[in-house]
Structures are given as C-alpha cells and as structure tokens.
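A.B. asks: Below: sequence and its predicted model.
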Amino acid sequence: MKKTPFVTLEQAQTIAAQIPTPFHLYDEAGIRKNAREVKEAFAWNPGFKEYFAVKATPNPYILQILHEEGCGCDCATYTELLLAEAVGITGHEIMFSSNVTPEQDMHKAVELGAYINLDDATHVDLLARTAEKMPETVCLRYNPGGSFSLGNTIMDMPRDAKYGMTEDQMAGAILRLAKMGVQHFGIHALLASNAVSNEYYPELASNLFRLAVRLRNATGCHIAFVNLSGGVGVDYRPEQPKCDIRTI
C-alpha cells in the first residue's frame, strides 16, 4: 500500500530552514478529517462521544483542534487534567482513568466535574475521602482475565494486568457507591491497545454490553454507558491494512 505524506520534501526543507530542528509537524486537516469520520461513523448513536487520550499527544493545540471537532479528553494524570482545563475542557467532557492514583489527582478530577473511572475496588474509599459530595455518575474499570488478542500485541493479556476489577468486585463497588449517593454507573475496559483489527471493538462492545446487563440484574442500579477504550490501531507500516472505522 502506497502512503503519501501530507507534506512534500521541498516543503519540509523550507520549514526546516525557518524553524530550528528537531520539531513535530502535524497535519491539522488530517486530524480534523479523522475526527469527523469517527463522529460520522457513530452518528447512529446520539449519546456517542469520543474521548482523546491526552497521553497519546499531550499538546494543547491538538486538544483544542479535537475539542472543536466534538472530542473530549481521556486523562490519566494531574498534568493531563491541567492540560484539558487550560483549553476549556471540563465537566463530563473529561474521562479520568487512573491507577495508583494520588489524592491530588482525584481531587482535581472531582473539582473539574470529570467522569471518574475507578481502577480498582480500593478507589471507592479514595473517592469517598476526596470528594466533598459524591458524583452522580461514576465509572468502573473491568478486567475479565484471560487473553484478548485480536490483531495486536500490546496489553492484550488481561490475566497478566494489574488494572481493573473482577465482575464480583464491580458489583460490590456499585452497591457501596449507590449507598453513598451515586445514581448512575459507567463501565470501561482496556483489553488491548493499538488494535489493528476491525474485530476488536465489536468484540469488546459485545462483552461490555452483556456485562452491563448482568451488573444491572445483580445490583438493580442504572448502567448509563459503556466506554470502549484502547485506541483504534495505527497502520504504521506500508504493508499493514488500515482500520475501517465504519466497519468497526
């Protein structure tokens, strides 16, 4: 497969003559095009929202461009929360997914009104200590164990991961949080990263929607949304096929 760069060699040389190297050169038109294709592909779902992982490109200008295209921010650290806030992204436009979380980070996420995604059962106590008032909606991270390899080799063995809760732990956490005043719940899973297979997200969605029904039946609580995480894989090499967002 032939890949054509968005900038010619002559253009790159002209820019390098004006700006000290090394530097990063971003394709704004390409970024906007990709964001719009994702939004269009999921337009059948009026509740859909894309959360861009700030850790992937912690650049406020990129975050601003994506925000203009309707994207929120997926943040994992205090610094990433500050970056989102700096470009005007707050509230439920932020999904805060963190592990080994300092109280400062959790407090900032609560302060910004972000969706908070609890990584393990002990984070229920951390959130209770940190928040003056419990959020109406809290998300929980699922780890089903086993393997989840679908055309990728990054983080595709949940059984080896220290992140996330078992189904029983999630049900217990939901019941505890409900007693503390939480009314709605989201569920999330990161079972693989940079998956270059179109099959990954439909399989992940199938697992999570079935889990949502089981948790609803087990707890009687409202499961408001599912968070499909992991990032659509990038075809780094010419021989790699490109993921088809419409197929996904």
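C.D. replies: Thanks, I have the structure now. Residues are numbered from 1 along each chain as shown.
A.B. asks: contacting residues around G230?
C.D. replies: 155, 190-195, 200-201, 204 (C-beta atoms under 8 Å, 6 or more residues apart in numbering). C-beta here means a position set from N, CA and C on the backbone, and glycine is covered the same way.
A.B. asks: Buried ones in the longest helix seen in the chain, by neighbour count?
C.D. replies: For the chain, the helix that runs over the most residues, judged by DSSP state H, is helix 200-219. Residues 200-201, 204, 207-208, 211-212, 215, 219 are the ones in helix 200-219 that count as buried (16 or more other C-beta atoms under 10 Å).
A.B. asks: how about the residue lying closest to V7 once chain neighbours are set aside, phi and psi?
C.D. replies: The shortest distance from V7 to any non-neighbouring residue, by C-beta to C-beta, 6 or more residues apart in numbering, is to L25 (6.4 Å). Phi and psi for L25, reported as degrees, to the nearest 10, are phi -120, psi 120.
A.B. asks: S193 now?
C.D. replies: Main-chain torsions, S193, degrees, to the nearest 10: phi -120, psi 150.
A.B. asks: next one: T8
C.D. replies: Note on T8: backbone dihedrals following degrees, to the nearest 10 are phi -80, psi 170.
A.B. asks: With the one 3 residues further on instead?
C.D. replies: Recorded main-chain torsions at Q11 are phi -60, psi -40, according to degrees, to the nearest 10.
A.B. asks: and the buried residues of helix 200-219 as a markdown table, adding distance to N99?
C.D. replies: Output for those, formatted as a markdown table (distance: C-beta to C-beta, whole Å):
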| residue | distance to N99 |
| --- | --- |
| Y200 | 22 |
| Y201 | 22 |
| L204 | 19 |
| N207 | 21 |
| L208 | 19 |
| L211 | 20 |
| A212 | 22 |
| L215 | 21 |
| T219 | 24 |
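A.B. asks: quick one: least confident of those residues?
C.D. replies: In terms of pLDDT, the lowest of the buried residues of helix 200-219 is Y200, showing 84.
A.B. asks: didn't that residue look like it was pressed against A192?
C.D. replies: Yes. Using C-beta atoms under 8 Å, Y200 is in contact with A192, at 6.1 Å.
A.B. asks: Can you show me the helices along the protein?
C.D. replies: Using DSSP H, the helices of the chain run over residues 9-18, 28-41, 60-68, 78-86, 103-112, 123-130, 167-179, 200-219.
A.B. asks: what's the distance between the longest one and the middle of its chain?
C.D. replies: It refers to helix 200-219. In terms of C-alpha atoms, centre = their mean, to the nearest Å, the centre of helix 200-219 is set 17 Å apart from its chain centre.
A.B. asks: Could you do the fourth one as well?
C.D. replies: Mean C-alpha position of helix 78-86 versus that of the full chain (C-alpha atoms, centre = their mean) differs by 15 Å.
A.B. asks: Check which helices and strands it sits against.
C.D. replies: Counting contacts by 3 or more C-beta pairs under 8 Å, 6 or more residues apart in numbering; DSSP states H and E, helix 78-86 packs against helix 60-68, strand 72-75, strand 94-97, helix 103-112.
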